[in-house]
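Q: just the structure for this:
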Amino acid sequence: MLNILRKQAQSPLIQALVLVIVIVFIFWGFGGNKNNGRTAVATVNKVDISYQDYIKAYNQTTDNFRQQFGGKIPPALLEQLGIQQQVLSRLIQSELLRQGGEKIGVRVSDLMVQEKIKEMEVFQEDGRFNQQRYEDQIVQADFRLG
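A: Residues are numbered from 1 along each chain as shown. Purely as a prediction, here's the structure:
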């Protein structure tokens with residue numbers, strides 16, 4: 001087949017075929033965008049978990065490990081611990097729980113969320129909620145995401 005194409009290279013039919021192939025590659029690309037512009041790392045019952053949410057959760061998890069172990073953690077250790085898969089699994093489980101709760105009509109009120117935030121140790125000082133510490137943590141989180 002290749003020999004036939006070589007012999008007929010000057011043929012208008014072969015030249016037209018090559019032109020069509022070139023046009024297809026120009027307008028549809030070479031397959032470099034395999035995910036069709038999607039930014040999801042996973043889809044749970046037609047709901048996407050965005051790459052941005054994944055990176056945010058991954059960074060929070062690795063930051064927690066660094067704080068627990070006093071500084072640097074070798075990337076090989078993070079890989080060995082399977083942090084990427086753990087984070088993705090946690091995000092998928094959270095989305096499944098959210099969807100399940102929504103399906104059966106469970107709703108978390110704003111007051112309940114506020115109470116849980118006030119109970120979190122990271123926002124407490126001397127055993128009591130500290131508004132300034134809360135705001136500082138929010139600013140730091142925004143800074144890390146931005």
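Q: what about residue 49, how many neighbours?
A: Residues near residue 49, counting by other Cβ atoms under 10 Å, number 19. (C-beta placed from N, C-alpha, C; glycine too.)
Q: show me what contacts it?
A: Residue 49 sits next to 40-43, 88, 91-92, 95 when contact means Cβ atoms under 8 Å, 6 or more residues apart in numbering.
Q: just the buried ones among these, please.
A: With burial judged by 16 or more other Cβ atoms under 10 Å, the buried subset of those is 41-42, 88, 91, 95.
Q: torsion angles phi and psi at residue 83?
A: The phi/psi pair for residue 83 (degrees, to the nearest 10) reads phi -60, psi -40.
Q: nearest residue to it in space, please, no chain neighbours.
A: residue 61 (5.9 Å; Cβ to Cβ, 6 or more residues apart in numbering).
Q: in a strand, the one you found, correct?
A: No. Counting by DSSP: H, G, I helix; E, B strand; the rest coil, residue 61 is located in no strand; its state is helix.
Q: next, the contact list for it, please.
A: 83, 86-87.
Q: of those residues, grab the buried ones for PyMOL.
A: If you want just the buried ones from the contacts of residue 61 in PyMOL, going by 16+ other Cβ under 10 Å, the selection is:
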select buried, resi 83+87
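Q: quick one: which of the contacts of residue 61 is nearest residue 118?
A: residue 87 (26.3 Å; Cβ to Cβ).
Q: in a helix, that's where the closest one is, yeah?
A: Yes. Counting by three-state DSSP, residue 87 is part of a helix.
Q: wait, isn't it in contact with residue 55?
A: No. The criterion here is Cβ atoms under 8 Å, and residue 87 misses it with residue 55 at 9.3 Å.
Q: give me the nearest residue to the residue most central in space within the chain, chain neighbours excluded.
A: In the chain, the centroid-proximal residue (Cα atoms, centre = their mean) is residue 51; its distance is 2.1 Å. The shortest distance from residue 51 to any non-neighbouring residue, by Cβ to Cβ, 6+ apart, is to residue 39 (4.8 Å).
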